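Chemist: Below is the sequence, then the predicted model.
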Amino acid sequence: MLADARNVMPDELKFEGDKTFFTAALDRVDLILHGRNSYEDQPNSPRRKRVILTRQIDAIAPDPSNPKSTLWNPAGASFEAACEHAGATSGTVAVIGGPGVFGMFMDRYDEFWLSTAPHVRLPGGEPCFPGVPARSPQDILAAHGLRAGEPQMLDAADEVSVTPWRRNA
């Protein structure tokens, strides 16, 4: 789960090591893609180029609240067109969720970094992917041709780790 039953990421799911890893990763990408309810809220956030998925527009539009953001409705335009509008025609795109957004790109990821916090339970919470909890996130990633790499410990006290899942060659 990536949020509680109110669709809010609770404090018990926030770990300093995970935040540091996430922030550093976003500082290295060329474009961030997310749904309208996701936002990383970090000091560098206003400087990052982004595409925000929304059904409030027909296709692609500038975001009136942020000159670095492009609004995109996948029903009206391609992902490539949205990236071009955002000024990102090459490089790395970070998809930061939620489940509908993650699900749209399952067959396109080159790499997906899955963080786990095994001691946190969010009953009735927002799953990370469509199909969870009937299937585990790991099973879903594997079913889409991704293979787990070596996990990295982010917070030893709480056993929080992140595992890279990479596309099979």
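Modeler: Thanks, I have the structure now. Residues are numbered from 1 along each chain as shown.
Chemist: check which helix or strand covers residue 166.
Modeler: strand 160-167 (DSSP states H and E).
Chemist: Can you list the helices and strands that that strand packs against?
Modeler: helix 16-27, strand 111-116, strand 146-148, strand 152-155 (3 or more C-beta pairs under 8 Å, 6 or more residues apart in numbering; DSSP states H and E). Placement of C-beta: from N, CA and C, glycine included.
Chemist: mind listing what the third one pairs with, with the direction of each?
Modeler: When sheet partners are counted by DSSP bridges, strand 146-148 sits next to strand 160-167 (antiparallel).
Chemist: and the strand it pairs with, C-alpha only, in PDB?
Modeler: What follows is the C-alpha trace of strand 160-167 in PDB, where atoms were taken according to Å, rounded to 0.1, in the frame of the first residue of the first chain:
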ATOM      1  CA  VAL A 160      12.900  -0.600   5.000                       C
ATOM      2  CA  SER A 161      14.500  -1.500   1.700                       C
ATOM      3  CA  VAL A 162      14.300  -0.700  -2.000                       C
ATOM      4  CA  THR A 163      14.700  -3.200  -4.800                       C
ATOM      5  CA  PRO A 164      15.400  -2.400  -8.500                       C
ATOM      6  CA  TRP A 165      13.200  -4.400 -10.900                       C
ATOM      7  CA  ARG A 166      14.700  -4.400 -14.400                       C
ATOM      8  CA  ARG A 167      13.300  -5.400 -17.800                       C
END
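Chemist: This completes my enquiry, with thanks.
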